[in-house]
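J.: model this:
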Amino acid sequence: HLKDDLAADRTSCTSFLANCMRLLLHAAAYILHQQLRTEGLRYTALSQAQPSTVISKLFKIAVQVRQYKNKIVLHLPSACPVKHLLHTLAERLYLTIPARTINST
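T.: This is a model prediction of the structure:
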């Protein structure tokens with residue numbers, strides 16, 4: 001899955017350290033995908049999905065972005081097939097504690 005879905009076999013840099021960094025970033029992306037599946041997508045149709053499926057269903061969606069003074073609003077198309085799933089995911093990933101409180105400790 002690292003090779004096919006996240007292009008982890010792309011080590012085309014001339015430097016050994018640059019290629020190590022690429023592999024490290026690809027491994028981090030896979031760990032984030034695993035956490036998204038186990039925490040955010042638990043009990044949904046995508047809970048066992050491959051990274052390429054999650055990317056195509058959740059991240060490659062046309063949205064209209066509106067920026068306001070204190071927030072950014074994404075307007076999904078009315079016929080979006082995963083609208084309910086995105087709403088569920090946003091609720092599960094939303095932090096109720098403000099970032100200032102978390103970082104002040």
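J.: what's the distance between R37 and A62?
T.: From R37 across to A62, the span is 24 Å (Cβ to Cβ, to the nearest Å). The C-beta positions use only the backbone N, C-alpha and C, and glycine is treated the same way.
J.: what about the residue lying farthest from the centre of the chain, which SS state?
T.: Most distant from the centre of the chain: T14, at 29.2 Å, with distances by Cα atoms, centre = their mean. Using DSSP: H, G, I helix; E, B strand; the rest coil, the structure places T14 in coil.
J.: sorry, back to before: which of R37 and A62 has more neighbours?
T.: A count of neighbours by other Cβ atoms under 10 Å puts R37 above the other of R37 and A62, at 18 against 7.
J.: right, and that one touches Q50 too?
T.: No: in this structure, R37 is not within contact of Q50 by Cβ atoms under 8 Å, at 9.7 Å.
J.: can you list residues touching both of those two?
T.: Counting by Cβ atoms under 8 Å, 6 or more residues apart in numbering, R37 and Q50 have no common neighbour.
J.: quick one: contacts for E39?
T.: Counting by Cβ under 8 Å, 6+ apart, E39 has contacts R92, L93.
J.: how far away is it from I31?
T.: Note on E39: its distance to I31, by Cβ to Cβ, is 12 Å.
J.: which stretches of the chain aren't confidently modelled?
T.: Counting by pLDDT under 70, the ranges of the chain that qualify are 1-10, 96-105.
J.: try 90 this time
T.: Scanning the chain with the threshold set as pLDDT under 90 gives 1-34, 37-40, 45, 49-63, 71-72, 74, 76-81, 86-105.
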